[in-house]
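J.: Sharing a model that was predicted from the sequence below.
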Amino acid sequence: MATYYPERANRNDVEGKSTFRCSVTARGQLVNCVILSETPADMNFGDATLRLTKLFKLRPMTKDGTPVDGGTFTSTIVWKLPQE
């Protein structure tokens with residue numbers, strides 16, 4: 001996660017968190033992600049979270065045992081300063 005940590009927040013020793021919601025495809029990819037909240041609001045934790053979600057893969061929703069599009073995933077990421 002250190003690679004995705006917002007540069008400005010890192011320079012100013014600021015930690016934060018962001019809550020997001022995404023749709024889950026039949027392949028387990030997160031798409032159409034939106035930030036529901038982020039604190040502090042001016043440190044780009046939401047943007048960093050959206051970049052990070054591209055790396056996630058989840059178990060998709062199934063119908064009759066077959067993976068289908070349409071699941072929803074909501075979570076919060078707590079951003080801690082990277083350790084050197």
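T.: Thanks, I have it.
J.: Which secondary structure state is assigned to Thr72?
T.: Secondary structure state of Thr72, per DSSP: H, G, I helix; E, B strand; the rest coil, is strand.
J.: For the residue of the chain most remote from its centre, give its distance to Met1.
T.: Residue farthest from the centre of the chain, counting by CA atoms, centre = their mean, is Asp64 at 28.9 Å. As judged by CB to CB, to the nearest Å, Asp64 and Met1 stand 37 Å apart. From N, CA and C alone the C-beta is placed, and that goes for glycine too.
J.: ok so Pro67 is a strand residue?
T.: Yes. Assessed by three-state DSSP, Pro67 belongs to a strand.
J.: I'd like to know how many residues surround it.
T.: Neighbour count of Pro67, defined by other CB atoms under 10 Å: 15.
J.: mind listing what it touches?
T.: Ala26, Arg27, Gly28, Pro60, Met61 (CB atoms under 8 Å, 6 or more residues apart in numbering).
J.: ok, Gly81 - contacts?
T.: Careful, residue 81 is Leu; it's not Gly. Contacts of Leu81 by CB under 8 Å, 6+ apart are Tyr5, Asn10, Asp13, Val14, Glu15.
J.: Which of those fall in helices?
T.: Those of these mapping onto helices are Asn10, per DSSP state H.
J.: from the contacts of Leu81, which two are the most distant?
T.: Tyr5 and Asp13 (11.3 Å; CB to CB).
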